[in-house]
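Undergrad: just the structure for this:
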Amino acid sequence: MSLVNGIERRSLVNEILRHLPLADKTAVWGTLGTIRPHLNFEVEKDVQTLLDAVSGKGVEYVTVIDLLTNRSNEQRQQIAEEFLNFTKQDLLKTLEAAFSGHLEGVITGLLKPAAQFDAHEINLALKGLEADTLLEILSTRTSQQLREILSCYKHDFSLDLEKDITSQTSGFLQGLLHALIKGNRERYSGVIDYVLIRQDTQALAGPGGGDPGRLDESEWIRILTERSPQHLNRVFIWYHKMTGLQVEEAMKKYLEGKALEAGLTLVSILRNTPLYFATKLYQAVKVRRINQSLFLSFALSHKCILPFLQEFG
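TA: Residues are numbered from 1 along each chain as shown. Down below sits the predicted model:
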């Protein structure tokens, strides 16, 4: 990329960011999505817009994507139901016939209920042992959302997720996943508990003071899956002071393979969730050359990551 093109792209990103009403408060853990219910929602009007977009000589892709990414998941379900009532056709199948490739995948994801989409992604990730996908989903959902995912998983696959995890994973990765699906992560109270910070730091460091050969897996799993991210970030700082190691460095000395991938993914999410997803989005766009209009549509619908995208130009 030339210097001129780089400057032009930075200018475009900065101009978009300048006009966005970005929230000035840290997102609440478990409510990181930024698509909110459309205030002037009219389901009949949206159904007609979608019909017009797919019934002409050419599919109006931008219209479809813009509409669906500016409606909440609940509103999209209402649109799908009304579309079926009005046309006697399934909206998902109609749009899948009009789209292809990555766009088809995006449309499928947008129109599935959130819990069902997560359940199917988890099922695929378990089959392929994609540790990062499993951690991304299970570590960023609320307790209620996790219960809905478990229910959808059992309904759609006639399988118990906990048993699937047991049969398809092992060791540290299995322990992390089992702990995360319980949804026992504490909510941040706003109170800094220095005694608990020291206790948790000592538990992670172990009697050997951070000797990687003596880490207690059960303690690491318990602390990483039950404490709030705000608390854990303070623990990570204390751990570095106590042992001279970042928690990631300790994991690299102790874990390997999928277990290491899972541990590093979880810590990265806990340190800064918006930055983690901004990095993933940037990498996906860079490597897979995603259509620019799709990228902008996604970015504008997930504003909490936009400040971090500035780091990538």
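
Undergrad: which stretch of helix or strand covers Ala115?
TA: Following DSSP states H and E, one finds Ala115 within helix 114-128.

Undergrad: name the residues that touch that helix?
TA: Helix 114-128 is contacted by residues 73, 109, 112, 130-131, 133-134, 137-138, 141, 145, 148-149, 151-153, 156-157, 161, 164-165, 168-169 when judged by C-beta atoms under 8 Å, 6 or more residues apart in numbering. All C-beta spots, glycine's among them, are computed from the backbone N, C-alpha and C.

Undergrad: among the residues you listed, name the buried ones.
TA: By neighbour count, with 16 or more other C-beta atoms under 10 Å, these hold 73, 112, 130-131, 133-134, 137-138, 141, 145, 148-149, 152-153, 161, 164-165, 169 as buried.

Undergrad: skipping its backbone neighbours, what lies nearest Ile107 in space?
TA: Excluding its sequence neighbours, the residue lying closest to Ile107 (C-beta to C-beta, 6 or more residues apart in numbering) is Leu95, at 4.8 Å.

Undergrad: correct me if wrong: the one you found contacts Val54.
TA: Yes - here Leu95 lies in contact with Val54, judged by C-beta atoms under 8 Å, at a distance of 7.0 Å.

Undergrad: give me the pLDDT for the residue of the chain positioned farthest from its centre.
TA: Within the chain, Lys57 marks the point farthest from the mean C-alpha position, 36.2 Å out by C-alpha atoms, centre = their mean. The model reports Lys57 with a pLDDT of 78.

Undergrad: for it, helix, strand, or coil?
TA: coil (DSSP: H, G, I helix; E, B strand; the rest coil).

Undergrad: phi, psi for it please.
TA: phi -70, psi -30 (degrees, to the nearest 10).

Undergrad: so how far is Gly190 from Ala125?
TA: For Ala125, the distance to Gly190 equals 34 Å [C-beta to C-beta, to the nearest Å].

Undergrad: centroid residue for this protein?
TA: Centre-nearest of the chain using C-alpha atoms, centre = their mean is Glu136, 5.0 Å out.

Undergrad: ok, now how distant is that one from Pro37?
TA: In terms of C-beta to C-beta, Glu136 sits 24 Å off from Pro37.

Undergrad: what about Asn70, which helix or strand?
TA: Counting by DSSP H and E, Asn70 is found in no helix or strand.

Undergrad: no, scratch that, I was asking about Glu82
TA: Residue-wise, Glu82 maps onto helix 73-87 under DSSP H and E.

Undergrad: what about that helix, distance to the chain center?
TA: Put simply, helix 73-87 sits 25 Å off its chain's centre (C-alpha atoms, centre = their mean, to the nearest Å).

Undergrad: now tell me what touches the host helix or strand of Ile65 from outside.
TA: Using DSSP H and E, Ile65 sits in helix 61-68. Contacts of helix 61-68 with the rest of the structure, by C-beta under 8 Å, 6+ apart, involve 46, 49-50, 52-54, 76, 95, 98-99, 103, 106-107, 110-111, 293-294, 297.

Undergrad: pull out the buried positions in it.
TA: 61, 64-68.

Undergrad: what's the answer for stretch 73-82, then?
TA: So, applying 16+ other C-beta under 10 Å, buried residues of stretch 73-82: 73, 75-80, 82.

Undergrad: for Leu111, see how far away the nearest residue to Gly109 once chain neighbours are set aside is.
TA: Sequence neighbours aside, Phe117 is the residue nearest to Gly109 in space, at 5.6 Å (criterion: C-beta to C-beta, 6+ apart). Counting by C-beta to C-beta, the gap from Phe117 to Leu111 is 9 Å.

Undergrad: so for the buried residues of stretch 73-82, which is the shakiest by pLDDT?
TA: The minimum pLDDT among the buried residues of stretch 73-82 falls on Asn73, with 86.

Undergrad: I figured that residue was touching Gln145, is that so?
TA: No - counting by C-beta under 8 Å, Asn73 does not reach Gln145; the two are 11.2 Å apart.

Undergrad: where in this structure is pLDDT low?
TA: For the chain, applying pLDDT under 70 flags the ranges 1-35, 208-214, 287-313.
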